[in-house]
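J.: Provided below are the primary sequence and the corresponding predicted coordinates.
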Amino acid sequence: MDNPIGNRPLMLRYVLLIIGWLSVTLGVIGIFLPVLPTTPFLLLAAACFARSSPRFYQWLVEHPRLGPWIRDYLDGSGIPLMGKVYAIGLMWVSIVFSCYLVPIVWARGFMLISAVLVTVYIVRQKTLRKS
């Protein structure tokens, strides 16, 4: 079987690497800032690295801090209960604070609708049980 990475144009591989590293950066920031979703950024990074650099993909998936976010999601284990509570709670605190600071009605509506949708998404995800 051909190496799928070898068939990609070099420029595309570089673009995927840049997007991958930007996503890793945003994912790490998202661990501390609830407005940025960590798992989707790390999943995007993993997808970009899988298509551009097996070495970086392996590094990310096996990383002691970042890897579990990806592995638990990909293998269907779910999201830890405290992770759900933390993500939803901090997201709502930041959204309410942002709505207080932003006087534009449509922006407030967008933030609130986004928060509701993200909350529903997180709640509907399988909860990871500790073994």
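T.: Structure's in. What do you need? Just so it is clear, the structure is predicted and the values come from calculations on it, not from any experiment.

J.: how deep is Pro64 tucked in, by neighbour count?
T.: 6 (other CB atoms under 10 Å). For glycine as for every other residue, the C-beta is placed from the backbone atoms N, C-alpha and C.

J.: that one in helix, strand or coil?
T.: Look at Pro64: counting by DSSP: H, G, I helix; E, B strand; the rest coil, its state is coil.

J.: what distance do you get for it to Arg71?
T.: 11 Å (CB to CB, to the nearest Å).

J.: residue ranges with poor pLDDT in this structure?
T.: Within the chain, the ranges that satisfy pLDDT under 70 run 1-6, 34-35, 130-131.

J.: longest helix in it, please.
T.: helix 10-32 (DSSP state H).

J.: other residues contacting that one?
T.: Residues outside helix 10-32 that contact it (CB atoms under 8 Å, 6 or more residues apart in numbering) are 5, 8, 36-39, 41-42, 44-46, 48-49, 51-53, 56, 60, 66, 69.

J.: I'd like the next helix or strand past it.
T.: helix 38-52 (DSSP states H and E).

J.: okay, now the domains of this protein?
T.: When the chain is parsed into structural domains using automatic domain parsing, the resulting residue ranges are 1-75, 79-131.

J.: kindly compare burial across these and name the winner.
T.: domain 1-75 (a mean of 16; mean count of other CB atoms under 10 Å).
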